[in-house]
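Student: Quick one, fold the following:
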Amino acid sequence: MTEASALRVVLVEDSVLLREGLVRLFDEAGYVTAGAFGDAEDIVARVREAAADVAILDVRLPPGFRDEGIRAALRLRSAMPDVGILVLSQYVEGVYARELLAEGQGGVGYLLKDRVTSLDEFTDAVQRVHEGGTVLDPLVVRQLIAARPDPVAALTPRERDVLELMAEGRSNGTIAQRLFIGVGAVEKNVSAIFQKLGLEESGSDHRRVLAVLAFLQR
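Tutor: Residues are numbered from 1 along each chain as shown. Have a look, this model is predicted:
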């Protein structure tokens, strides 16, 4: 395979060691690493400039190490739908997998990082994503199949208590007083509720309303 015909890959991974290891793996597989970055800033411009066929991103990236990789993947999918996207995660995070697959289009994948130890498995996944297929880690599939239809069922008892008080229109301060916990603890529970219900961060209280609707529509 000549360099002109080789698969062009852009890699976004904050761990320098893993990033360098993946670049060596790509070289061994005959791919061209058209870009390797530690964050997903300007991901669309980077991928476009690199003329990449596939973008491979970690789920948790700087600066917040939460869902920056998924957000970048969604931006990229919207701007450049022909580019294959493979997301890597340290853990099974079904919410992120569902978010990535929500549009029902192919050319996407979600793998646990453990899978990159097998060159054959990993390059097969990259190739399938490039060809428009969908690649999901078996553990992710099991979690999605086992997931209950009711998203609120995934909440802990404390998170349910917080969500119930949110449904009553209580502020975080009032919830803290009612449950005899700190405001910081309430904020952590609220963040967990948003994540488990798959509600993206926004500049308004829209997520709070959606969370309450999920509770009321059970």
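
Student: now the helices for this structure?
Tutor: Assignment of helices within the chain using DSSP state H yields the ranges 16-29, 43-50, 68-79, 94-101, 119-130, 138-146, 157-167, 172-179, 183-196, 206-216.

Student: Let me have these in JSON lines, extended by mean pLDDT and distance to I56.
Tutor: The way it works is simple: take the backbone N, C-alpha and C, and place the C-beta from them, glycine included. Output for the helices of the chain, formatted as JSON lines (pLDDT from 0 to 100; distance: least, Cβ to Cβ, whole Å):
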{"stretch": "helix 16-29", "mean pLDDT": "92", "distance to I56": "7"}
{"stretch": "helix 43-50", "mean pLDDT": "97", "distance to I56": "11"}
{"stretch": "helix 68-79", "mean pLDDT": "92", "distance to I56": "10"}
{"stretch": "helix 94-101", "mean pLDDT": "72", "distance to I56": "13"}
{"stretch": "helix 119-130", "mean pLDDT": "87", "distance to I56": "7"}
{"stretch": "helix 138-146", "mean pLDDT": "62", "distance to I56": "16"}
{"stretch": "helix 157-167", "mean pLDDT": "87", "distance to I56": "33"}
{"stretch": "helix 172-179", "mean pLDDT": "92", "distance to I56": "38"}
{"stretch": "helix 183-196", "mean pLDDT": "92", "distance to I56": "23"}
{"stretch": "helix 206-216", "mean pLDDT": "68", "distance to I56": "29"}
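
Student: Let me know which of the ones you listed is the nearest to D58.
Tutor: D58 lies closest, by Cβ to Cβ, to one member of the helices of the chain: helix 68-79, at 5.0 Å.

Student: tell me which residues in that closest one are buried?
Tutor: For helix 68-79, the neighbour count (16 or more other Cβ atoms under 10 Å) marks E68, G69, I70, R71, A72, A73, L74, L76, R77 as buried.

Student: And the furthest pair within the residues you listed?
Tutor: Put simply, by Cβ to Cβ the two of those set farthest apart are E68 and R77, 14.9 Å from each other.

Student: ok so, going back, can you put the helices of the chain in a markdown table and add distance to L112?
Tutor: Formatted as a markdown table, the helices of the chain follow (distance: least, Cβ to Cβ, whole Å):
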| stretch | distance to L112 |
| --- | --- |
| helix 16-29 | 13 |
| helix 43-50 | 22 |
| helix 68-79 | 14 |
| helix 94-101 | 11 |
| helix 119-130 | 11 |
| helix 138-146 | 6 |
| helix 157-167 | 25 |
| helix 172-179 | 34 |
| helix 183-196 | 18 |
| helix 206-216 | 27 |
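
Student: burial measure for the residue lying closest to E121 once chain neighbours are set aside, as a count.
Tutor: Excluding its sequence neighbours, the residue lying closest to E121 (Cβ to Cβ, 6 or more residues apart in numbering) is R115, at 5.5 Å. By other Cβ atoms under 10 Å, 16 other residues sit near R115.

Student: and R115, what is it in contact with?
Tutor: With contact set as Cβ atoms under 8 Å, 6 or more residues apart in numbering, R115 has these partners: E121, F122, A125, D137.
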